[in-house]
Each structure stands twice: as structure tokens, then as C-alpha cells.
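# predicted structure and sequence below. I'll ask about it afterward.
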There are 2 protein chains.
Amino acid sequence: MKAIEQGDFLYERLARELETQISEGVYEIGDRLPSIRMLCARKRVSVATAMQSLSILEARGMVEARPKSGYFVRRRRLDRAVEPRPVVSDLQPQVVGVSDIVADVFRQTSGAGQVPLGAGIPSPELLPIERLSKFLAAAVRDEPRHLGVYGEAGGHPEFRKQLARRFSLIGCELAPGEIVATGGAMDSLNLGIRAVTKPGDIVAVETPCYFGILEILESLGLRALPIPSTGEEGIDLDLLAEATERHAVKAVAMAPTFSNPNGSCLSDAKRIRLLEILADHDLPLVEDDLYGDLPFEGERVRPVKAFDREGRVLYCGSFSKCLTPGLRVGWIAGGRYAERVKRLRFISTVTTPVINQIAISRFLEAGAMDRHLRGLRSALKTQVAQVSEAVLESFPAGTAISRPRGGYFLWVQLPDGIDAMELYRLADAEGIHIAPGQIFCPHASIRNRIRLSCGHPVDNRIRGGIERLGGIVRQLQKERLKRG
Amino acid sequence: MKAIEQGDFLYERLARELETQISEGVYEIGDRLPSIRMLCARKRVSVATAMQSLSILEARGMVEARPKSGYFVRRRRLDRAVEPRPVVSDLQPQVVGVSDIVADVFRQTSGAGQVPLGAGIPSPELLPIERLSKFLAAAVRDEPRHLGVYGEAGGHPEFRKQLARRFSLIGCELAPGEIVATGGAMDSLNLGIRAVTKPGDIVAVETPCYFGILEILESLGLRALPIPSTGEEGIDLDLLAEATERHAVKAVAMAPTFSNPNGSCLSDAKRIRLLEILADHDLPLVEDDLYGDLPFEGERVRPVKAFDREGRVLYCGSFSKCLTPGLRVGWIAGGRYAERVKRLRFISTVTTPVINQIAISRFLEAGAMDRHLRGLRSALKTQVAQVSEAVLESFPAGTAISRPRGGYFLWVQLPDGIDAMELYRLADAEGIHIAPGQIFCPHASIRNRIRLSCGHPVDNRIRGGIERLGGIVRQLQKERLKRG
């Protein structure tokens, strides 16, 4: 990780330094920051660098520029924001029934022209597509023979080697032999969950939980046992332990790092405790680490897989959220279940396109990934902060928002009595796409939350969309009072 | 199809003409064919063309060159060959248990250096890989934006349009809206079978049946109801009708055209009768048409889908067997089940790489596919004939072989009492890879058949492999007599 720190852009480092000073009270709300001239002199940076640092803080809503006076620390709405309450669960296994709603939300809409706060998709302008396409074209030119053969079931050896190296650098040892290339994270999750269950089995999941995992459980005839997430700190491990005592749970499927939708993240201590609970009942963990590469600050979070000495973690990753959704390249490292995963790979699609794996291997080997990730993390941090501020500005009192420390998503608790599905429909009619809370739990019981995706740079269209969204919430509140 | 006939190479047309004359007795066994000089004069072709035509017939074992005397019609072992007996079935649903054997046969072996008579893989030298790779590189260069987005769930519109056009030319109407791009035929079959079943359901299959279909049934907890194939004429429709009367069959999954492994092909009349049986019980057909593009003679066989007026056929295709295994591009046209297929697509891998679909669309649009297929069909016809002759030459009496009219495979019935699994193991130890009959039925009850793949040009290595294989069969016979 040192390489990443050293490679940081100077303006990002300066912005971070000022941010720390503000959060530590060196500069308080209303205080004026050092002038650009002073910053240049003290920090030995150029005017352009100093200005860029201040722009970043301005975009995040931390400081404001007052004409001819300089930059001042701003009273942030975020500081006063309340976090959503944890969702409650009776710890009973449930047959899953979300896919009709998910289909309604994500399949019928073309998405074109809508304000894109719904799908968890990175804006293409944040991705190094031109550069990556050159790697792909070169791979096709150099090694066309891969078009004429199926390729190894587990994926191209170079792809697996590059992944193993990359993870080794963050202290997570993946054996190339346990890695299987996939067509993206959904493919990985399908293989992982299928490898450790059979129809009718019970799988413990977080609540809220990525709807894709719930759809997989539904499509395979598996039952979900929802375990509440406490918010920032992730899944409630005491309740998970209790649930595994009370029911014949066969596996746990969850995202310990910047979980979709609420952005929660387990501490290292909790990761170790999670593995202890799994060991007590000899359970596997299907670890969805789709957002682990996207912390807003500091080092990449080590996956639970890094702490696993018993091969019980089936680690699922993908390049779709951080590099290219279009090449459809993901992977799974199946631990002690690797052979079963490999067999399911063969039975489901035999192999995935090797040439795409080679393009990404070369991109990684060229060191292009870390440089790209620095920019993407910084952009996402800014975008999440901007969406957060805009929500707090436009939504009525009683609104609470998550404080994600990585990833794409903002989890919003609406004032009491507002139905997210109703909000979704009214917003959709006005061309604003959001994800209603209903799709993030087995039986659509989360009714007053929504997920906002922050994958796109916040322009006036998105800002306007959030404002109108707030207007619809207020309208729904009024109607409720009238009816009440 | 006329366009294809007109586009034939002259030497192929002449070879076909001579072949017809031989089969009709114009030239009988031992007769001398017209000399090259006479052929040139009568048929108005060049010496090179006449020689190439005769070489083709020689490769297929129909004629032999005698030095200084000319070409003579050869006594073909094929003419005396017996066809394998149909497999019997008690028409009872069975839990499938083949995947352990399939894994043993196809997963543990690397395949490198082996005599490749096992896997159903086209030799890369028969595929236009360089040309196709140029289309792919151009697609990447022209449209890199597809790397930055997920693409439409059903696949790229141009890909679906090209497929619809192509099938319309053979009298099979596919609506672009019912087509979903997949990662190859196994992906298509999975989506098709999953769309019309739930765990525990009964699916009628042919016996013998492609092991991939059986593995899918096994992995999904479905039961198979095996219906005997009569040999050349395909599945026994009377028995299928009886089975659907006796059991709660939920779907039929089969390859009506050049079925893997026995090469059978339903007549048009039987295709219509099949649809009537399906209509009687309102059943869907998952049609595996992986080899429909590869007839040895005449026009492309029209799929059952072409006769289907009720949307009950889920048509599964792929480019892996006829163009490129490495790009992983297939499709399914789901008929009335298209929406369920689309949902399962989303839940399993969201989408497949659009850029690969574009490369193939452009390849089709350029008219490069039909030209390529002509060469491939001719090569496969020759290879199947050569493998057939070699088997009849090397294997002991009591051996029977199929007479496929398209595709890759030769289905061989061994003399009574020979166990195919034992033959497989002994051959494997000598570096010869074959597919034992056991993997082509739900419960490994086909014991004295093997499938030989004819995907590779028959060189001395392959010829030697078949000879040694015959030697092992004779050895097993002797041991059996001793033990007997």
C-alpha cells in the first residue's frame, strides 16, 4: 500500500491534510483557511495545486469560497445528519420473493435519459476505457489463437497469477489454483452459493442485502435468514451467532466491505469473530467484495478471506464496478470448495473469454490499475459527499443518511410513513431513477428507505433530480397528513 | 440456400457429382473412373480441379489411386458397416448421476499431447481465426465505449438482428426481442432448462444424450426420463408420447439435428409430430441446435423452431462449434418463455461481452460465415469418413458405427462385453482420449459404446491412435475369453 501513498497526487495529499485539520478542530466552522499564497509558501506547492486541493474540499461541501475573502470552513449538513436505524428481523428463515420487484425496477426501464440514481453503475467517464481498449486490441492482435480454443476451465494462468500477486500485496493469499475466472460478480456469486447449497437450504444474509444475492437465492429455491446490519459497523454478529444456533444455516453470503446498499464495513476484529462463528458450525462464507477496491481514505480493506486459515471463504470479485462493466470479467477463489466451483463453471458456461482476461492481466501488470483507482476513489468520495449534502438540503426533517467510507451508495431513511415503492414510481414518472428499499430484503419489508447510487459526477441534472425527489417526499408527507 | 450452392467450389461440386455416380452404381467397386484428361475435357475444368476432386474422394475412402493406372472405386468398409443398436429404456424418471464420470473424463486430463478423439472441439486450423480476430480488433478500435457499459440484457441489437436475418433465410423466424445473447451453448441450455422447470421436475431426454444436458439436470436437481433414440432417425416419438402419458414430464430437452453423440437427425415430418406431442401436454422443447450448421450435404436443416407456431420452443445455438469456441458467444430464442429467460440472464451474469457479439455480427454481415461453413462441412465430412474407415479397419468384428450426416461425432458400438469405461482408462494411459458411452445416459447404463470426436484433420497420429485403440479392444476381448 505504500506504493499507492507515494503515488498520490500532491493536491490530493494536501486536500487530505486540510480535511484532517478541519475534522480535528484545527480550523473550526466559520474559520478562514490559510490563503493560497500561504499554502504555496508553507507546503511548497504550486498555486495550481493549492487551488485544486481547495476545490476538492469545496466539492465535498467542507469549505466555501467567499469572493475576495478566501476559503472558510462551512457548517456541513452532514455533521448534523442522523444515521438510518438498523432494520429489525425475527431471525426466521424466509422464502425469498423480490425478483418481481427487482424486474419492475431494473428491467422495464431502459434507463436512457433518466437521472441515474438507481443502478449501481460507474459513469463511463470515470473509467479508463480508451486505455483499456488499447490493451484489448493488442491482446487480440498478439494472441488471436485464443479465439480458436476453449481455454483452461479456471481461466488464463496469467490472469490468475496477476490476481494472486495483487492480493498478496494486501496480505490476502489466493492460490492461483483456487481461482476461477467468471463473467462478473453475479456469475461469481452464483457459483459460490451453488457450490455450498442445495435447493431448500437456509443461507444467512445481511439486512439490508444486495438484491442480486436475494435473487440468486430465490432462483435456486434457497431460503434467506436475514440478519440485521447495525449500520456503519456491518452485520450484527451476536444475532448471526444466535441465528446459526437456532437454525440449520448452510452458508453465509454477504459483503463485509462497503456493503451494498448501506455502505457498512466490518472491522478487522469483527472479521475474525465472523470466522469464529463460521468455524463453530463449519459453515462457508460467500464473500462479496465488489467494493473493497473503493475506500475513500487509507488502505484497501483486507477481505475476510485474508484472515481465513481454513479455506471456508469463497471470495467473489469483479472488475465491473472499478474498471470495466463491458468486458464481463470477475473471479472467485473457492478455498476448500474450489473443485466444486470449477465443476459448476464447466456446467454453466464451460469457460469465459480468455482474451478479455489477458487484456486485464496486462493492464494490471502495467501498473495502470492503481493509478486509475486513486482517481476513481477520489471521485466517488466527492460524489457521495455531494449527493449526501444535496439530500440533506432537499429532503424534509426526519430524513437520515448513511455515512459510507467507500463504494457507490447512499442509504437513505425517509421520514416515517413514506413508502419507498410509491416514491420510486412517482420519481420514475418524472424521469428520476432510484432503488426502493423493498428490494434489499427477502420479503420487501423495508418500506421507508431508498438507495441512491453515486456513480455519476454530480452535475446540475443530478442535483435537480435530487431536489425534485425531495419535493416528492414532502408532497407524500403532506398527503399523508391530510389522510391521517 | 441457393446462394450457398452457387458459391460452392468447383472441385467440391465435381467430387459430389462423382460420389453420387458411385453410390448410384454408375461406377461400381473395382471400376476405373474417367481419367483426369477426360474429366477436364467433359466437365470443362482445369487439371488442378479434377485432381482436387479425386483427392477428396480418396480421403473419404471411396476411391484409390493405382500408380500409372488411374483412380478405381474402392470396396468401402463403410458399406458393410452395421449400425449400433438402439439403447433400451424402461421409461422411468431417474435421478441423474453422471457428473463424477464426466469430471473424471474431461476435467482431470489437460488434453495436451493426447490423441484428440475425446472432446467435441473443432481443430483451430479449421477455423478462420486470423480473419475473425481482425473483425474483433476493429470492433474494439471503433467502439471502445462498450467496455464502459453493461449493454442491453438481451444482447447487442445488431447481433440479434443479424441472427434473425440469418435464420429467416432458412425459413425460421426468430424475433429479435425473444433472442438473448449467451456465453455459449451450455449457458443457453442452462437458461432454457431453468426457465421451464423447478427442482424435482421431470425432463424427457434422448438416450444417448449430450452429457452436458445431463449435467445441467443433475446440478439443478431435475430428473431425467430417457427416451431411446432409434439411430439415424432420432428419438423414438412413440415412446416419447407414451412417456408423456405415463409421467408428469415438464419439458423435453434434446438435439433434433445431428445429435451428440450418435448423429441422428429427425425428418421434417417427425419434427411436426414432435410438436404435436408437445402440444398435447402443453410442454416446452429446449432445442439444442449446436450442429445444425454442419450438414455434410445439402441445405441447412430447419430447426424444430421453424415449425413452431406456438412459441413453445426455446432454441439454443452457439458459435463455439462452427466458428470460435474462445469468444464464448451463443444465444437462446425463448419463444413464449423469453421474459423468464431474460430474467435468468440478468440473475446469472447480467450480460455477456457486447464487443464479442459485435465482432461476430460484422463477420456475419460481411458474408464470411457461409464461405467458412462450406469448407468446414467438407472437412468434417472427410474426417468422419476417415475415422469411420480407420475404425472398421482396426476394430474387431462385432463393431458397429453410426452414419452421421452432419456434425463432429462417430458413435461406436463395441463387441459384446467390452466395457467402455475400461477402454477409456486403458486408452487414456496410452495418450488416447475418447468419450465412454457411460456419460451419455442418466445412470451410466450405456456400457459398450464410445464416442469418437472427428474435429481434427486425420493425420498419422490420429490414424495410429485409432489403430492402437482397436488393439486394446482386441486385447480386452481376449482377456474376456480367458476369464469367460
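Cool, got the structure.
# where does pLDDT dip in the stretch 1-150 of chain A?
A:1-7, A:79-80, A:107-111 (pLDDT under 70).
# close to chain B: what parts of it are there?
Proximity of the stretch 1-150 of chain A to chain B is confined to A:99, A:103, A:106-107, A:121, A:124, A:127, A:129-130, A:132-133, A:136-137, A:140-141, A:144-150 under the rule Cβ under 8 Å from any Cβ of the partner chain. The way it works is simple: take the backbone N, C-alpha and C, and place the C-beta from them, glycine included.
# for residue A:340, what are its contacts?
Residue A:340 sits next to A:195, A:196, A:334 when contact means Cβ atoms under 8 Å, 6 or more residues apart in numbering or on different chains.
# who does the strand or helix carrying residue A:204 pair up with?
Per DSSP states H and E, residue A:204 falls inside strand A:202-207. Sheet pairing for strand A:202-207, assigned by DSSP bridges, gives strand A:223-228 (parallel), strand A:249-254 (parallel).
# next structured bit after the last one?
What it means is strand A:249-254. Following strand A:249-254 in sequence, per DSSP H and E, is helix A:268-280.
# other residues contacting the following helix or strand past that following helix?
Next helix or strand after helix A:268-280 toward the C-terminus (DSSP H and E): strand A:285-288. Contacts with strand A:285-288, where a contact means Cβ under 8 Å, 6+ apart, come from A:185, A:189, A:192-193, A:196, A:210, A:213, A:251-256, A:274-275, A:278, A:303-305, A:308, A:312-316.
# so which bits of the stretch 301-450 of chain A are right by chain B?
So far as Cβ under 8 Å from any Cβ goes, the stretch 301-450 of chain A lies against chain B at A:320, A:324-328, A:342-344, A:346-356.
# could you list which of those residues belong to strands?
Judged by DSSP state E, strands contain none of those.
# just the buried ones from those residues?
Listed as buried from those are A:320, A:324-328, A:342-344, A:346-356; burial here means 16 or more other Cβ atoms under 10 Å in any protein chain shown.
# isn't residue A:31 up against residue A:72?
Yes: at 6.7 Å, residue A:31 and residue A:72 qualify as touching, with contact defined as Cβ atoms under 8 Å.
# look up the closest residue to residue A:49, ignoring the ones flanking it.
residue A:11 (4.7 Å; Cβ to Cβ, 6 or more residues apart in numbering or on different chains).
# residue furthest from the geometric center of chain A?
Distance from the C-alpha centroid of chain A peaks at residue A:68, with 40.0 Å (Cα atoms, centre = their mean).
# what sits closest to residue A:359 if chain neighbours are left out?
residue A:136 is the one closest to residue A:359 (Cβ to Cβ, 6+ apart), at 3.9 Å.
# over to residue A:237?
Here the residue nearest residue A:237, using Cβ to Cβ, 6+ apart, is residue A:273, at 5.4 Å.
# any idea how many residues pack against that neighbour?
16 (other Cβ atoms under 10 Å in any protein chain shown).
# with the one 3 residues further on instead?
By the criterion of other Cβ under 10 Å, residue A:276 has 10 neighbours.
# same thing with residue A:43?
17.
# now it: closest residue in space, sequence neighbours ignored.
residue A:14 (6.0 Å).
# now name the helix or strand holding that neighbour.
Counting by DSSP H and E, residue A:14 is found in helix A:10-23.
# give the buried residues for whichever helix in chain A runs longest.
Under DSSP state H, the helix in chain A containing the largest number of residues is helix A:368-394. Applying a neighbour-count criterion of 16+ other Cβ under 10 Å, one finds A:368-370, A:372-374, A:376-392, A:394 buried in helix A:368-394.
# re the thing from before, now, of the residues of the stretch 1-150 of chain A next to chain B, which are buried?
Here, 16+ other Cβ under 10 Å leaves A:99, A:103, A:106, A:121, A:124, A:127, A:129, A:132-133, A:136-137, A:140, A:144, A:146-150 buried among these.
# which residues touch the closest residue to residue A:296 other than its chain neighbours?
Leaving aside its chain neighbours, residue A:296 sits nearest to residue A:381 (3.8 Å; criterion: Cβ to Cβ, 6+ apart). Residue A:381 sits next to A:60, A:296, A:297 when contact means Cβ under 8 Å, 6+ apart.
# give the bridge partners for residue A:66, please.
The partner residues for residue A:66, given DSSP bridges, come to residue A:70.
# so how far is residue A:244 from residue A:377?
35 Å (Cβ to Cβ, to the nearest Å).
# quick revisit: from what I see, the residue nearest to residue A:49 and residue A:47 are in contact.
No: counting by Cβ under 8 Å, no contact exists between residue A:11 and residue A:47, whose distance comes to 11.2 Å.
# out of these two, which sits in the more crowded spot?
residue A:11 (20 against 11).
# what sits against that one?
Counted by Cβ under 8 Å, 6+ apart, residue A:11 has contacts A:45, A:49, A:50, A:52, A:53, A:56.
# let's have the contacts of residue A:381 in a markdown table, adding distance to residue A:205, neighbour count and secondary structure.
Listed next are the contacts of residue A:381 as a markdown table, based on distance: Cβ to Cβ, whole Å; neighbours: other Cβ atoms under 10 Å in any protein chain shown; DSSP: H, G, I helix; E, B strand; the rest coil:
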| residue | distance to residue A:205 | neighbour count | secondary structure |
| --- | --- | --- | --- |
| A:60 | 32 | 23 | coil |
| A:296 | 25 | 17 | coil |
| A:297 | 28 | 12 | coil |
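# hang on, the earlier thing: can you list the buried residues in the helix holding residue A:14?
Using 16+ other Cβ under 10 Å as the test for burial, helix A:10-23 gives A:10, A:11, A:12, A:14, A:15, A:16, A:18, A:19, A:22.
# show me which of those is closest to residue B:450.
residue A:12 (64.5 Å; Cβ to Cβ).
# what about the closest one, distance to chain B?
Counting by Cβ to the nearest Cβ, to the nearest Å, the gap between residue A:12 and chain B amounts to 24 Å.
# tell me how chain A divides into domains.
A:2-75, A:84-90+A:93-123+A:376-483, A:126-369 (automatic domain parsing).
# what's the spacing between residue A:155 and chain B?
When residue A:155 is compared with chain B (using Cβ to the nearest Cβ), they lie 12 Å apart.
# same question for residue A:312.
Note on residue A:312: its distance to chain B, by Cβ to the nearest Cβ, is 22 Å.
# dump the residue contacts of that residue.
A:275, A:278, A:279, A:282, A:283, A:284, A:285, A:335, A:336.
# as CSV, those with pLDDT would be great.
As requested, these are exported to CSV (pLDDT from 0 to 100):
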residue, pLDDT
A:275, 98
A:278, 98
A:279, 98
A:282, 97
A:283, 98
A:284, 98
A:285, 98
A:335, 97
A:336, 97
